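>>> Need a 3D model of the following:
(2 chains)
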Amino acid sequence: MKKIEAIIKPFKLEEVKDALQDVGIQGMTVSEVKGFGRQKGHTEIYRGSEYTVDFLPKIKLEIVVDAGKVAEAVSAIINAAKTGKIGDGKIFVSNVDEAIRIRTEERGPGAL
Amino acid sequence: MKKFTINRFLVKLHDPRERTFFLALFGGKMLGLLACFVIVFGLPALLTSMTGKAHAQTASATSNTVAKALDAATNAIAGAAAAAPAADATPPNPPYVNPLNTMWVLVTAFLVFFMQAGFMFLEAGFARTRETVNVLLEGIVDTCLCGVLFWAFGFAWMFGSGNGFIGNQYYFLQGIPDTYGSTGVATLAYFLFQFAFADTCSTITSGAMLGRTGFWGDLWYSIGVSGFLYPIFGHWAWGPDGWLNNIKPAAFHDFAGSTVVHTIGGMIALAGAIVLGPRLGRRFKRDGGGPMPGHNMTIAAVGAVILWFGWYGFNPGSTLSAMDMQGIARVAANTTLAACSGGLASLFFVYPRSRKWDCGMTLNGLLAGLVAITCPCYWVSPGGSLIIGAVAGVFVVVATDVLEYLRIDDPCGAFPVHGVCGIWGTLSLGLFATGEFGAPTPTGADTSADALVKGLLYGGGTDQLVAQVIGNGAIGIGVFIVAMALMYAVKATGTLRISKEGELEGLDLHEHGAGAYPEQVTSSI
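The predicted model follows:
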């Protein structure tokens, strides 16, 4: 089992969700986060003056999938979230030791 | 038995400790007795107003015309034709309380009072989340304090007769006449109207000082502003014998307070912002930083519109007469047009530099237009109002930039809006007054030839402009100097600025123990 964490632009969430559902991903966890990457924030306007926003709002999406589905899910996210401009975000993939469905106490990939 | 008691008492008195005890006890009893006397005799005297029927002494140059207009007013009201006043030096009160005018003044007083909600919204919206409760409570406490102080001596100093510099009548609203001056308005209605104005002036100040002023400091300077600075400097222009009414060749005119309310408020705000210094972490443009954005543009925008609405009490109400129909209509229309052009001017003046349609600046722009038109609205044309408002809308942007350059942190833009545009509005009367109208009277504008107010651009020469410069300069500079002294005095008590820890924690939690939005995660990221 692998966990895919994707940091994406907030307005891309809907498209990414649809793309993942299309490849058969059944669940996901989403959180509103803030952060910055290489471009280091941006400027906004307030009462005629610019000010710097260091931490930009992003969406963090977490899904856990069977190892065989990782490539498919990652490419679905890339295709949906890409705009080609800076700030499109990042994807991290890591191993997951165990998954448990609380209601039935099923374990392993069957619990996903 | 009795002798024995006295002896024992006398013996005991030799013991220093017993003696101290006795004196403390005896002194306490006497103080209590004194307090009883004060309550029994003082309080009724304090609470009974309208005991005397003293008349306001108006020794203005226009007394003749006022009396004439009064004559007309008297005849206009059926059944009240008694005792038409003769044109003597001091016009007596109208023999009736004019119901229409009193009602009009009360309704507009309520509107002006509601501007408090607008100010609280605007300032809270421009504040950061962490100081929202503080801003809101300051607005409320300013109002409460102002009411008490204006009752005790503010009204007396501002609207009592005294000398050219301070009034000396009607303390604790004692001995007030039935109606104020020649207006026919019940004096307490007039008091309420003027209290709402004083309150406005005092709240303007807090906009420039939010985010770092301790609450004790806020209380001290608010007492100074609404108890002393506003009434005394206001008396110069609006007092029945204020010296600015009598300057030659033209008298200083300030219809609804571009100088009296807004320049005074703006100057005190500037003094406060200078003495306080910027908020922690506020870096200025030339140091590579920028403003700290406000936390809620929704309530800021609604606040600005509530203020605009309240201005329909502020300006049209200042006719003090519901029977001056032309005057009210003119003032209301001019007020609207100046706000419109002020907002548009700011919007388009800021657009080229950022290529963004800036909401916050447009709000301040429309307020700048309103502030500017406050003084001249009775004497200018609708076209003139548009120009006055548009210039104010540009001034407010430039003034904001200048403050940024000078590293003065004014979170709401109180000085650019109220100070700078208050000055511009006052002076604009000397340029744009059409020369069709004179001072307002209970029945309409005074149109006698020597009373007309005519500005430079209408061929009236520089007389009125000079009067405006003198009036605004005297009050503006005077109030700035006194306000600096006041702020440094409060600073010397150590209460003006909150501690560093308190400021970083946020005024809400540190001073008030609760945030405005306790169910939300609030942080600076």
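
>>> Give me the nearest residue to whatever residue of the stretch 1-150 of chain B ends up closest to chain A, chain neighbours excluded.
Closest contact between the stretch 1-150 of chain B and chain A, by CB to the nearest CB, is at B:Phe126 (8.1 Å). C-beta coordinates here come from the backbone N, C-alpha and C atoms, glycine included. Once flanking residues are discounted, B:Phe126 sits nearest to B:Gly294: 3.8 Å by CB to CB, 6 or more residues apart in numbering or on different chains.

>>> Might you report the residue contacts of the one you found?
A:Tyr46, B:Gly125, B:Phe126, B:Ala127, B:Arg128, B:Ala300, B:Gly360, B:Pro411 (CB atoms under 8 Å, 6 or more residues apart in numbering or on different chains).

>>> Inside helices: which ones of those residues?
Of the contacts of B:Gly294, the ones assigned to helices by DSSP state H are B:Gly125, B:Phe126, B:Ala300, B:Gly360.

>>> Look at the residue nearest to B:Phe126 and tell me its secondary structure.
Classification of B:Gly294 by DSSP: H, G, I helix; E, B strand; the rest coil places it in coil.

>>> Could you find the lowest-pLDDT member of the contacts of B:Gly294?
Here the lowest pLDDT out of the contacts of B:Gly294 sits on A:Tyr46, with 85.

>>> Can you list phi and psi of the closest residue to it other than its chain neighbours for me?
Leaving aside its chain neighbours, A:Tyr46 sits nearest to B:Pro293 (4.3 Å; criterion: CB to CB, 6+ apart). For B:Pro293, the backbone dihedrals (degrees, to the nearest 10) come out as phi -70, psi 150.

>>> What's the local residue count around the residue of the stretch 1-150 of chain B closest to chain A?
31 (other CB atoms under 10 Å in any protein chain shown).

>>> contacting residues around it?
B:Gly207, B:Leu210, B:Gly294, B:Ala300, B:Gly360, B:Pro411, B:Cys412, B:Gly413.

>>> what do you get for A:Val16?
A:Ala6, A:Ile8, A:Leu61, A:Ala76, A:Ile77, A:Ala80, A:Ala81.

>>> go on, B:Gly310?
Here B:Gly310 is in contact with B:Leu111, B:Val112, B:Phe113, B:Phe114, B:Met115, B:Gly118 (CB under 8 Å, 6+ apart).

>>> Which one (most neighbours) among these?
Busiest of the contacts of B:Gly310 [other CB under 10 Å] is B:Val112, holding 27 neighbours.

>>> Now do the strands in chain A.
Secondary structure of chain A (DSSP state E): strands located at A:2-8, A:29-35, A:42-46, A:49-53, A:56-65, A:89-95.

>>> Now tabulate the ones you listed in a markdown table and tack on mean neighbour count.
Shown next, in a markdown table, are those (neighbours: other CB atoms under 10 Å in any protein chain shown):
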| stretch | mean neighbour count |
| --- | --- |
| strand A:2-8 | 19 |
| strand A:29-35 | 12 |
| strand A:42-46 | 16 |
| strand A:49-53 | 17 |
| strand A:56-65 | 19 |
| strand A:89-95 | 13 |
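
>>> Need the pLDDT of residue 112.
Going with chain A. pLDDT, A:Leu112: 86.

>>> that's the wrong chain, I meant chain B
The per-residue pLDDT of B:Val112 was computed as 97.

>>> Next up, the contacts around it.
Here B:Val112 is in contact with B:Phe193, B:Ala196, B:Phe197, B:Thr200, B:Gly310, B:Gly313, B:Phe314, B:Gly317 (CB under 8 Å, 6+ apart).

>>> what about the first one, distance to B:Gly430?
Meaning B:Phe193. 26 Å (CB to CB, to the nearest Å).

>>> just the third one next, same as before
Distance check for B:Phe197 against B:Gly430: by CB to CB, it reads 23 Å.

>>> Okay, now the unreliable bits of chain B?
B:1-4, B:48-95, B:521-525 (pLDDT under 70).

>>> Nearest residue to the one residue in it that gets nearest to chain A in space, ignoring adjacent ones along the chain?
Evaluated by CB to the nearest CB, chain B has B:Gly290 as its residue closest to chain A, separated by 3.1 Å. Among residues not flanking B:Gly290 along the chain, A:Tyr51 sits closest, at 3.1 Å (CB to CB, 6+ apart).

>>> thought that neighbour was touching B:Pro291?
Yes. Using CB atoms under 8 Å, A:Tyr51 is in contact with B:Pro291, at 5.4 Å.

>>> list the helices and strands whichever helix or strand B:Val402 is part of packs on?
In the assignment (DSSP states H and E), B:Val402 maps to helix B:382-405. In terms of contacts (3 or more CB pairs under 8 Å, 6 or more residues apart in numbering or on different chains; DSSP states H and E), helix B:382-405 is packed against strand A:49-53, helix B:325-354, helix B:359-374, helix B:421-432.

>>> let's see 7 Å
On a contact count with 3 or more CB pairs under 7 Å, 6 or more residues apart in numbering or on different chains; DSSP states H and E, helix B:382-405 meets helix B:325-354, helix B:359-374, helix B:421-432.

>>> got these as JSON lines, with distance to B:Ile481 and mean neighbour count columns?
Listed next are these as JSON lines, based on distance: least, CB to CB, whole Å; neighbours: other CB atoms under 10 Å in any protein chain shown:
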{"stretch": "helix B:325-354", "distance to B:Ile481": "29", "mean neighbour count": "21"}
{"stretch": "helix B:359-374", "distance to B:Ile481": "22", "mean neighbour count": "31"}
{"stretch": "helix B:421-432", "distance to B:Ile481": "16", "mean neighbour count": "29"}
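
>>> who's in contact with B:Asn349?
One correction, residue B:349 is Phe, not Asn. By CB atoms under 7 Å, 6 or more residues apart in numbering or on different chains, the contact set of B:Phe349 is B:Gly393, B:Val394, B:Val397.
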